[in-house]
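[1] Need a 3D model of the following:
(one chain, ligands or ions: 1)
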Amino acid sequence: MSPAETHTPGACTPRAGLYECDCAAGHLWLIDLAGHAFPSFPPGCSAGLWRAKDPGTTAPAGPESDSKL
Ligand SMILES: [Zn+2]
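    You can find the predicted model right below:
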């Protein structure tokens, strides 16, 4: 298992990168420097955490469930 790196609004950004909220809309926030504070969530966003997005992965990593009966 790879534990997702999550942060709460107001927490210090560990590094630059792209972060995604955990609501259904998947709001994105680009952090350009480490040491900034994570922003509050945008209006209408029901997220509770910012989640670091892996810049090296563009395709969704789904389970390998391609075997059908
Ligand atoms: Zn959101």
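
[2] Could you list the residues of the chain in contact with the ion?
    Cys21, Cys23, Ala25, His27, Cys45, Ala47 (C-beta under 5 Å from the ion). For every residue, glycine as well, the C-beta is placed using N, CA and C.

[3] Distance check, the fifth one against Arg15.
    Using C-beta to C-beta, to the nearest Å, Cys45 is found at 23 Å from Arg15.

[4] So for these two, which sits in the more crowded spot?
    Higher neighbour count among Cys45 and Arg15: Cys45, with 15 against 9, using other C-beta atoms under 10 Å.

[5] Contact partners for the residue nearest to Gly48 when sequence neighbours are not counted?
    Excluding the flanking residues, the one nearest Gly48 by C-beta to C-beta, 6 or more residues apart in numbering is Asp22, at 6.4 Å. Listed by C-beta atoms under 8 Å, 6 or more residues apart in numbering, the contact set of Asp22 reads Thr6, Ala47, Gly48, Leu49, Trp50, Arg51.

[6] rerun that using 6 Å as the cut-off
    Counting by C-beta atoms under 6 Å, 6 or more residues apart in numbering, Asp22 touches Ala47, Leu49, Arg51.

[7] Look at it and report its pLDDT.
    Per-residue pLDDT puts Asp22 at 95.

[8] Also Pro3?
    Predicted confidence (pLDDT) for Pro3: 72.

[9] re the thing from before, mark which of the residues of the chain next to the ion are buried, thanks.
    Cys21, His27, Ala47 (16 or more other C-beta atoms under 10 Å).
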